[in-house]
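In: Turn this into a model:
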Amino acid sequence: MNPRLIHKQHPDSHFSSMRKQEKEKLTFGYQSTYSALLGLIGFLLLYYVWILNANATQGYTIRQLEKNQNELKVELDRLNVKIAEIDSLDSIGAEDALNNMQQVEDPNYLVYKSNVQYVFKN
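Out: Next up, the predicted model:
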């Protein structure tokens, strides 16, 4: 609303003076602006440091997990080598159970060729 119009319509009204008084209550000077900006900058700096710390902590955790993963890969390779040694023909031939077996004399062989099955003696 235009204060001059209200003042003309109601000369006894103190609209402009009330508005002036309300405006003067909202003093926000140079010092308070300066301190508010310093507070905001301080808060943003603390927030930035907190984010850097969180990222560094996650990076440390990721490095630890990668180290653990590499150790598990090495252990898996060792176990695969051990399995290959156990399954090798040399280790199977050296078992005591094979020494107790008897030789087969005059074996019969079953041969599959192109869907034809036959048996022959050697």
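
In: right, and the helix or strand after the lengthiest helix in the chain?
Out: Taking DSSP state H as the criterion, the chain has its longest helix at helix 30-87. Counting by DSSP states H and E, the next helix or strand C-terminal to helix 30-87 is helix 89-93.

In: ok, S35 to K20 distance?
Out: 26 Å (C-beta to C-beta, to the nearest Å). All C-beta spots, glycine's among them, are computed from the backbone N, C-alpha and C.

In: brain fart, E85
Out: From E85 to K20 the distance is 97 Å (C-beta to C-beta).

In: Can you tell me how far L37 is from L46?
Out: 15 Å.

In: To clarify, my last question referred to A84.
Out: Taking C-beta to C-beta, one finds A84 at 58 Å from L46.

In: With N53 instead?
Out: 11 Å.

In: what do you get for K20?
Out: 40 Å.

In: got it, and A94?
Out: Distance from A94 to L46, by C-beta to C-beta: 70 Å.

In: go on, I92?
Out: 68 Å.
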